[in-house]
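In: how would this look folded up:
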Amino acid sequence: MTNDGSLEATEVAEHSLLPVPLSARTSTAAHQFWIWTGANTAPINWVLGAIGIHLGLSLWQTIAVLVAGNVLGMGIFGLFVLMGQSTGVSQMVLSRSAFGRRGAYLPAVLQGLLAAGWCAVNTWIILDLVVALFGKLGYQGGTGFKIVVAALIMIIQVGIAAVGFRAIARFERWTVPVTAVVLAAMTAIAWTSTGVHWDYTGQGLRGAALWSALSTVMTAIGIGWGITWFAYASDYSRFVPPTMPRRTVYLASVLGQFVPTVWLGVFGATLATVSEKVDPGQLVVEAFGALAVPVILLVIHGPIATNILNIYSCGLCAQTVDWHVDRRRLSYGVGVVAFAFTVYLILRNDFAAALDGWLAGLVTWVAPWAAIMVIHFYWKKRRRIDVDALFDPPGGGRLADLSWPALVAMVVGMVATWSCEYGIPSFLQGPIAVALGGIDLSWLAGSVVAAVVYLALVRSRDPVVPPRERPSKAAPRVGER
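Out: Okay, the predicted model is just below:
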């Protein structure tokens with residue numbers, strides 16, 4: 001930013017839902033890469049790999065699921081990143097085009113709950129590591145100590161997120177590379193001196209039991225992990241200038257997600273072959289002994305980098321449902337809610353089951369919503385969105401208040417997702433998945449059913465924007481206003 005006008009435009013874009021003006025769209029490909037790398041360079045991804053071992057898979061089966069699932073999940077994630085660059089608006093505001101002005105309240109509320117929940121989960125991960133650190137120093141803190149530490153950590157996270165995108169981008173850009181170097185050293189130590197069982201065969205699962213474990217891990221850890229980020233993508237890529245090549249934006253964002261997720265997932269899986277535990281603090285302490293003290297202090301950065309995105313996006317969701325509250329204040333409210341959920345997690349003992357249930361449950365709404373958004377943006381609208389119409393007041397603008405094709409398709413898709421889901425909690429075990437012997441095809445069923453229903457309803461009601469052979473002034477591409 002080089003003048004007062006651009007600074008003012010950036011300040012408005014930071015704290016409102018209005019389209020980011022061209023003068024404030026200064027994010028680089030490096031910004032996008034480090035934002036998403038930071039969001040995934042976190043101890044929670046150790047748990048992702050460790051859960052595969054916990055469910056009885058071999059090390060190489062777990063690695064295969066992580067790689068295959070994230071190739072697909074992150075590849076689709078890139079499509080949502082391009083939506084933000086193209087329109088300059090946040091992901092939930094963009095949902096108004098498909099779901100209607102008030103119809104978009106449904107995904108916005110669900111995404112807000114998702115972001116607040118993730119903030120709590122990641123804060124618990126930080127807390128676990130900090131408590132493990134104090135344990136190495138000889139102090140065994142009780143529940144009260146854990147709650148105090150969680151409160152202090154939440155204050156730090158909320159403080160960064162309340163400032164906005166500029167602070168987030170700078171934080172990630174300058175801290176993530178250092179953290180990556182530390183994690184590389186950790187990986188080298190783990191793989192050369194902790195006795196990793198590279199030939200770990202798991203519980204020798206076969207038949208239905210094997211496919212059940214593989215599909216559950218795929219849903220909660222493989223493609224399911226990528227799916228959980230779809231609803232965040234445009235919140236950060238909206239700051240990318242429309243002149244940047246789409247391929248550059250796509251690759252920077254996708255690689256920023258894929259590399260740390262798979263790397264740390266494999267890291268967690270290898271550690272789990274040694275300890276056969278899922279708890280992240282115990283994984284590190286048992287694997288590194290005294291070296292855990294300096295390592296944990298540096299790794300604490302990872303979850304904070306993730307949570308500032310959760311808090312920022314949750315505030316945007318609240319604004320999307322027409323809560324006319326300053327985004328900074330919304331960030332403070334998100335911190336309070338997330339802290340309450342963190343306390344709940346502190347009081348829970350079986351973290352692996354709780355995490356699997358949380359991850360699997362998220363797919364219930366995200367997968368159908370994502371299928372509808374991809375079809376709407378890339379096929380129905382051909383990437384030509386009336387951005388100004390997204391900000392018309394409810395009930396009297398150019399957008400329908402409720403877009404029934406999208407809403408019906410999403411609800412039907414959610415039912416299909418749950419029917420084919422086989423999570424660890426019994427309430428996330430749908431009848432179709434049970435009948436198949438525990439094979440979890442929830443993300444696939446939800447996406448396909450929602451897509452089919454939406455296409456059928458849209459074809460019968462609304463015209464589809466015809467494709468064009470070349471750009472023209474009469475039909476400008478979004479972002480080239």
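In: Quick check: which element contains the residue nearest to Ala451 when sequence neighbours are not counted?
Out: In space, and not counting its chain neighbours, Ala451 is closest to Ala371: 4.3 Å by CB to CB, 6 or more residues apart in numbering. Yep, even glycine has a C-beta here, placed from its N, CA and C like the rest. For Ala371, the element it lies in under DSSP states H and E is helix 351-374.
In: same thing with Ala169?
Out: Secondary structure (DSSP H and E) places Ala169 in helix 165-193.
In: Quick one: mean pLDDT for that helix?
Out: Per-residue pLDDT over helix 165-193 has a mean of 79.
In: circling back to that earlier point, show me the contact partners of the next helix or strand after the helix holding Ala371.
Out: Toward the C-terminus, helix 351-374 is succeeded by helix 404-419 as the next helix or strand (DSSP H and E). The contact list for helix 404-419, computed with CB atoms under 8 Å, 6 or more residues apart in numbering, reads 98-100, 103, 106-107, 363-365, 367-369, 371-372, 376, 428, 430-433, 442-443, 445-451, 453-454, 457-458, 461-462.
In: Just those residues: which are in helices?
Out: Assigned to helices by DSSP state H, the following of those qualify: 98-99, 106-107, 363-365, 367-369, 371-372, 431-433, 442-443, 445-451, 453-454, 457-458, 461.
In: Pull out the buried members of the contacts of helix 404-419.
Out: 98-100, 103, 106-107, 363-365, 367-369, 371-372, 376, 428, 430, 432-433, 442-443, 445-451, 453-454, 457-458 (16 or more other CB atoms under 10 Å).
In: helix/strand/coil for Gly117?
Out: helix (DSSP: H, G, I helix; E, B strand; the rest coil).
In: my guess is it contacts Ala340, does it?
Out: No - with contact defined as CB atoms under 8 Å, Gly117 does not reach Ala340; the gap is 10.9 Å.
In: quick one, which of those two is more surrounded?
Out: A count of neighbours by other CB atoms under 10 Å puts Gly117 above the other of Gly117 and Ala340, at 19 against 11.
In: got a list of contacts for stretch 95-108?
Out: 92-93, 231, 317, 320-321, 365, 369, 372-373, 376-377, 381, 385-386, 389-390, 392, 394-395, 397, 399-403, 406-407, 410.
In: Just the buried subset of the residues you listed, please.
Out: 92-93, 231, 317, 320, 365, 369, 372-373, 376-377, 381, 385, 390, 399, 403, 406-407, 410.
In: related to what we said a few turns ago, quick one: list the elements packing against the helix or strand that comes right after the helix holding Ala169.
Out: Moving toward the C-terminus from helix 165-193, the next helix or strand (DSSP H and E) is helix 207-217. Helix 207-217 sits against helix 44-54, helix 59-87, with contacts defined as 3 or more CB pairs under 8 Å, 6 or more residues apart in numbering; DSSP states H and E.
In: And helix 207-217, what's buried?
Out: Buried residues in helix 207-217, defined by neighbour count with 16+ other CB under 10 Å: 210-217.
In: again, but for stretch 172-186
Out: Within stretch 172-186, the residues scored as buried using 16+ other CB under 10 Å are 172-173, 175-176, 179-180, 182-183, 186.
In: tell me the mean pLDDT for stretch 216-229?
Out: Stretch 216-229 shows a mean pLDDT of 82.
In: ah, wrong one, I meant stretch 119-138
Out: Mean predicted confidence for stretch 119-138 is 74.
In: how far is that stretch from where the chain is centred?
Out: Distance, stretch centre to chain centre, for stretch 119-138: 22 Å (CA atoms, centre = their mean, to the nearest Å).
In: May I have it as PDB, with CA atoms only?
Out: Extracted in PDB, the C-alpha atoms of stretch 119-138 (Å, rounded to 0.1, in the frame of the first residue of the first chain):
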ATOM      1  CA  CYS A 119     -10.500 -23.400  17.100                       C
ATOM      2  CA  ALA A 120     -11.300 -25.300  20.200                       C
ATOM      3  CA  VAL A 121      -9.800 -28.500  19.000                       C
ATOM      4  CA  ASN A 122      -6.600 -26.900  17.900                       C
ATOM      5  CA  THR A 123      -6.400 -25.000  21.200                       C
ATOM      6  CA  TRP A 124      -6.700 -28.300  23.000                       C
ATOM      7  CA  ILE A 125      -3.800 -29.600  21.000                       C
ATOM      8  CA  ILE A 126      -1.700 -26.600  22.000                       C
ATOM      9  CA  LEU A 127      -2.700 -27.200  25.600                       C
ATOM     10  CA  ASP A 128      -1.800 -30.800  25.500                       C
ATOM     11  CA  LEU A 129       1.700 -30.000  24.300                       C
ATOM     12  CA  VAL A 130       2.200 -27.200  26.800                       C
ATOM     13  CA  VAL A 131       1.100 -29.500  29.700                       C
ATOM     14  CA  ALA A 132       3.400 -32.200  28.300                       C
ATOM     15  CA  LEU A 133       6.200 -29.700  28.400                       C
ATOM     16  CA  PHE A 134       5.600 -28.700  32.000                       C
ATOM     17  CA  GLY A 135       5.500 -32.400  32.800                       C
ATOM     18  CA  LYS A 136       9.000 -32.800  31.500                       C
ATOM     19  CA  LEU A 137      10.000 -29.900  33.800                       C
ATOM     20  CA  GLY A 138       8.500 -31.600  36.800                       C
END
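In: Name the residues of the one helix or strand Leu110 maps to that come out as buried.
Out: Taking DSSP H and E as the criterion, Leu110 maps to helix 105-136. Within helix 105-136, the residues scored as buried using 16+ other CB under 10 Å are 105-133.
In: now the angle from the helix or strand just after it to helix 105-136?
Out: Remark: after helix 105-136, the chain's next helix or strand is helix 143-163, criterion DSSP H and E. Here the directions of helix 143-163 and helix 105-136 differ by 130 degrees (axes from the mean of the first three to the mean of the last three CA atoms, to 10 degrees).
In: isn't the residue nearest to Ala451 right up against Val453?
Out: No - checked against CB under 8 Å, the pair Ala371 and Val453 is beyond contact range at 9.6 Å.
In: Could you dump the buried residues of helix 207-217 into CSV with distance to Phe80 added?
Out: Converted to CSV, the buried residues of helix 207-217 look like this (distance: CB to CB, whole Å):
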residue, distance to Phe80
Leu210, 32
Trp211, 29
Ser212, 30
Ala213, 29
Leu214, 26
Ser215, 24
Thr216, 25
Val217, 23
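In: Surely Val65 and Gly224 touch.
Out: No - look at Val65 against Gly224 with CB under 8 Å: they stay out of range, at 10.5 Å.
In: State the distance from Lys381 to Ala98.
Out: 9 Å (CB to CB, to the nearest Å).
In: shared neighbours, Val65 and Gly224?
Out: Met218.
In: Count residues in the vicinity of Tyr422, would you?
Out: 23.
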